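Asker: Let's see this in three dimensions:
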Amino acid sequence: MNPFVRAVALLEISSLLCAASASAQTYGLDARGQIGAFLNNKLPPVASVATGDWTVVNAFPNLTFQDPTFLTFEPGTSRLCVCSREGYIWSFVNDPNTTTKTLFLD
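Answerer: This next block holds a predicted model:
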């Protein structure tokens, strides 16, 4: 896919997300709600532990990201995008052996 077309598509997606959030209701609380019983010394004595036959695997061992918050695919391509808390959007090929990430948006 042409890099220009890809950039325009991602900018359109981000503008739609911004427009949706701009039309949303204001946020916040009008009044503080009651605190539930779970905070009044009623916590279980031991936290439950997940059991089962599963493992965690680093999908992209050659890439690192600082404070990643979101992972999505780029439509029509084999690329993924990672958003970070600082506002960066990184793009890279969806291949476990990839070593290159490209800064898409700062």
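Asker: can you give me the helices in this protein?
Answerer: 3-22 (DSSP state H).
Asker: Where does the prediction get shaky in it?
Answerer: 1, 4-5, 7-8, 10, 15-25, 35-47 (pLDDT under 70).
Asker: could you redo the last one with a cut-off of 90?
Answerer: 1-57 (pLDDT under 90).
Asker: partner residues bridging the residue nearest the centre of it?
Answerer: In the chain, the residue lying closest to the centroid (C-alpha atoms, centre = their mean) is F70, at 1.1 Å. Beta-bridge partners for F70, by DSSP bridges, are C83.
Asker: Test my guess that it contacts C83.
Answerer: Yes: with contacts counted by C-beta atoms under 8 Å, F70 reaches C83, the gap being 4.1 Å. In short, each C-beta sits where N, CA and C put it, glycine included.
Asker: distance of R79 from D53?
Answerer: 32 Å (C-beta to C-beta, to the nearest Å).
Asker: Which of these two has more residues huddled nearby?
Answerer: R79 (18 against 4; other C-beta atoms under 10 Å).
Asker: Now do the strands for the protein: every range, in order, please.
Answerer: Counting by DSSP state E, the segments of the chain that form strands are 68-73, 79-84, 89-93, 102-105.
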